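Chemist: no FASTA, just this:
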Ligand code: AMX
């Protein structure tokens, strides 16, 4: 309980200072371990130093090993969604099929332990994960405090976007509103302006950085306006408090004052931030950015991908499916009844949302840490009991069906139930929260794309005839 008596003013004098841990600090950018001192808080200056040494490291590596073969591609991979093809560089996070995500080498539990928190808080600040993703370094509390202030200062929304948001019909899905508003925010792009003014390509990353910072700062206000317009009769989101952290401001703009909800939001915004580069949203941001479309346009494109039910919309789908299950069973959720419902879903040609993954082959650690949050804060919540029951039942059924390569739950199987507990019952909105978080990883990566001078992305596609010819099948075979 001590946690929330002190949250109104963050980073108070009694808070514990976080310093980079010696056991982890050298994992990234090993040639630049002491590039900046812990007293430095200007992220752009710190990043500039890291980028210049990293550019040399990558260039040397490419000179020495540019011709090395790193994989083979099969016909099935070409038809099968390019699974497992190593064909792009994405620096901010890497996904291991067994272990799950590592952000710049740090697992979720390590991030929970090492990243700065509010005084008395237990969950890491998303400001810290952004710093880590961008620089490869664990920030200290002064650095994240500086970032919170900077984002608060950059949060203003231009009036044409406010007007647009206030005029969307309530029938337009929140993700469509979110993506459209982000596209319209591109009027503010410093990257697009610099490009049209003829900036040298060596400076692209600096403008991508400015846009990333501005966009991240503005997203909570955009997202909160969508929420209030759709579900709170268009009430005002209120003003950004420069002394509050990014998530604290977001929670209060959404209209939530339970400090445990805000802690959940901090955790949520950290763990959804990045999942290496091949997932639909991250890959889309990277792809569209490679055409030098500005970061707003690139990120909006990624959000359209996140809005798909096999990707980010799965967090909405899980809750819709849970509701259907409860309705169908009239609340009689015996294991046998629930198993029948799962089988009926599969037999009717639908997926069980929240289960399976294109890369993961174990329970998603993002699911696991949300489960731990639930066990700590809401162990008796009836819907959490159902989610736990599904964790017991679904994997065996998917294994028995024998199709899904991964029968275990992913991040989306758990997130909705936590939000419901704190009163956010509007499931159509959940993917917007995912989208706000995904900005941290995909935009940090976009800055690196420009810093490393990555070119227009243009893989080779093949027709079936072309593939047949390539593997030596003649038309008469
Ligand atoms: N329920 C039922 N069937 C499933 C399944 C599930 N949860 N997961 C996979 N399968 C099926 C596939 O549909 C596929 O069937 P098909 O042969 O008839 O086409 C077969 O099992 C093999 O698929 P796979 O190789 O294991 O998975 P994939 O890489 O093609 O797809 C994913 C991955 C996530 C799209 C899939 O597991 C799925 O649809 N899950 C449910 C939706 C979901 O939770 N999405 C969120 C993922 C995380 C995220 O991006 N936020």
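Modeler: Received the coordinates, thanks. From a predicted model like this one, the values you see are computed outputs, not experimental measurements.
Chemist: for the residue of the chain found nearest the ligand, what are its contacts?
Modeler: In the chain, the residue that lies nearest the ligand is residue 356 (2.2 Å; CB to the nearest ligand atom). C-beta: built from backbone N, CA, C; applies to glycine. Residue 356 makes contacts with 398, 404-408, 410, as judged by CB atoms under 8 Å, 6 or more residues apart in numbering.
Chemist: so residue 422 sits right up against residue 261, yeah?
Modeler: Yes - here residue 422 reaches residue 261: they are 4.0 Å apart, a contact under CB atoms under 8 Å.
Chemist: the more surrounded of those two?
Modeler: Legend: neighbour count by other CB atoms under 10 Å for residue 422 and residue 261, higher for residue 261 (20 against 17).
Chemist: what is the one helix or strand that one maps to packed up against?
Modeler: If you go by DSSP states H and E, residue 261 is part of helix 259-271. Helices and strands touching helix 259-271, as assessed by 3 or more CB pairs under 8 Å, 6 or more residues apart in numbering; DSSP states H and E, comprise helix 108-114, helix 126-135, helix 246-254, helix 365-377, helix 412-421, helix 430-451.
Chemist: turn those helices into a markdown table, including distance to residue 47, mean pLDDT and mean neighbour count.
Modeler: Listed next are the helices and strands packed on helix 259-271 as a markdown table, based on distance: least, CB to CB, whole Å; pLDDT from 0 to 100; neighbours: other CB atoms under 10 Å:
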| stretch | distance to residue 47 | mean pLDDT | mean neighbour count |
| --- | --- | --- | --- |
| helix 108-114 | 19 | 98 | 18 |
| helix 126-135 | 6 | 98 | 27 |
| helix 246-254 | 18 | 98 | 24 |
| helix 365-377 | 26 | 98 | 19 |
| helix 412-421 | 30 | 97 | 25 |
| helix 430-451 | 8 | 98 | 27 |
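Chemist: residues of this protein that sit close to the ligand?
Modeler: The chain has residues 279, 310-312, 314, 346, 351-358, 403-406, 410-412 near the ligand, with proximity defined as CB under 6 Å from any ligand atom.
Chemist: 5 Å instead?
Modeler: Neighbours of the ligand within the chain, by CB under 5 Å from any ligand atom: 310-311, 314, 351-356, 358, 403-405, 410, 412.
Chemist: drop anything exposed from these.
Modeler: 311, 314, 351-356, 358, 404, 410, 412 (16 or more other CB atoms under 10 Å).
Chemist: from these, which is closest to residue 242?
Modeler: Nearest to residue 242, judged by CB to CB, of those is residue 412 at 33.5 Å.
Chemist: could you measure from that closest one over to residue 421?
Modeler: Distance of residue 412 to residue 421, given as CB to CB, to the nearest Å: 16 Å.
Chemist: over to residue 211?
Modeler: The value you get for residue 211 to residue 421, if CB to CB is used, is 35 Å.
Chemist: one more: residue 50?
Modeler: 40 Å.
Chemist: now do residue 113
Modeler: Counting by CB to CB - residue 113 and residue 421 are separated by 25 Å.
Chemist: one more: residue 395?
Modeler: In terms of CB to CB, residue 395 sits 24 Å off from residue 421.
Chemist: repeat that for residue 303.
Modeler: With distances taken as CB to CB, residue 303 is found 26 Å from residue 421.
Chemist: kindly report the same for residue 286.
Modeler: From residue 286 over to residue 421 the distance is 35 Å, taken as CB to CB.
Chemist: what's the answer for residue 318, then?
Modeler: Here residue 318 is placed at a distance of 14 Å from residue 421 (CB to CB).
Chemist: same question for residue 226.
Modeler: In terms of CB to CB, residue 226 sits 22 Å off from residue 421.
Chemist: likewise residue 291?
Modeler: In terms of CB to CB, residue 291 sits 42 Å off from residue 421.
Chemist: mind listing what's buried along stretch 89-96?
Modeler: Buried-residue list, stretch 89-96, by 16+ other CB under 10 Å: 90-95.
Chemist: what would those residues look like in a markdown table with secondary structure?
Modeler: Conversion of the buried residues of stretch 89-96 to a markdown table gives the following (DSSP: H, G, I helix; E, B strand; the rest coil):
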| residue | secondary structure |
| --- | --- |
| 90 | coil |
| 91 | coil |
| 92 | coil |
| 93 | strand |
| 94 | strand |
| 95 | strand |
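Chemist: so which bits of stretch 330-337 are buried?
Modeler: residue 333.
Chemist: what's the average pLDDT for that stretch?
Modeler: Taken as a whole, stretch 330-337 has a mean pLDDT of 95.
Chemist: cool, and stretch 89-102?
Modeler: 98.
Chemist: quick one: it to chain centroid distance?
Modeler: Centroid separation between stretch 89-102 and its chain, computed with CA atoms, centre = their mean, to the nearest Å, is 13 Å.
Chemist: give the contact list for residue 381.
Modeler: Per CB under 8 Å, 6+ apart, neighbours of residue 381: 374, 417, 421.
Chemist: quick revisit: just checking, which of the contacts of residue 356 belong to helices?
Modeler: residue 398 (DSSP state H).
Chemist: export the contacts of residue 356 as a markdown table, with columns for distance to residue 452 and pLDDT.
Modeler: Output for these, formatted as a markdown table (distance: CB to CB, whole Å; pLDDT from 0 to 100):
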| residue | distance to residue 452 | pLDDT |
| --- | --- | --- |
| 398 | 39 | 98 |
| 404 | 36 | 98 |
| 405 | 32 | 98 |
| 406 | 32 | 98 |
| 407 | 37 | 98 |
| 408 | 34 | 98 |
| 410 | 30 | 98 |
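Chemist: okay, now residue 244: neighbour count?
Modeler: Per other CB under 10 Å, the neighbour tally for residue 244 reads 21.
Chemist: and it, that one's in a helix?
Modeler: No - Residue 244: not assigned to a helix; according to three-state DSSP it is coil.
Chemist: and it, what pLDDT?
Modeler: Per-residue pLDDT puts residue 244 at 97.
Chemist: gap between it and residue 185?
Modeler: Residue 244 is 22 Å from residue 185, by CB to CB.
Chemist: same question, residue 97
Modeler: Taking CB to CB as the measure, residue 97 falls 36 Å from residue 185.
Chemist: hmm, back to that, list just the nearest of the buried ones among the residues of the chain next to the ligand to residue 176.
Modeler: Checking those one by one against residue 176 (CB to CB), the nearest turns out to be residue 311, at 15.0 Å.
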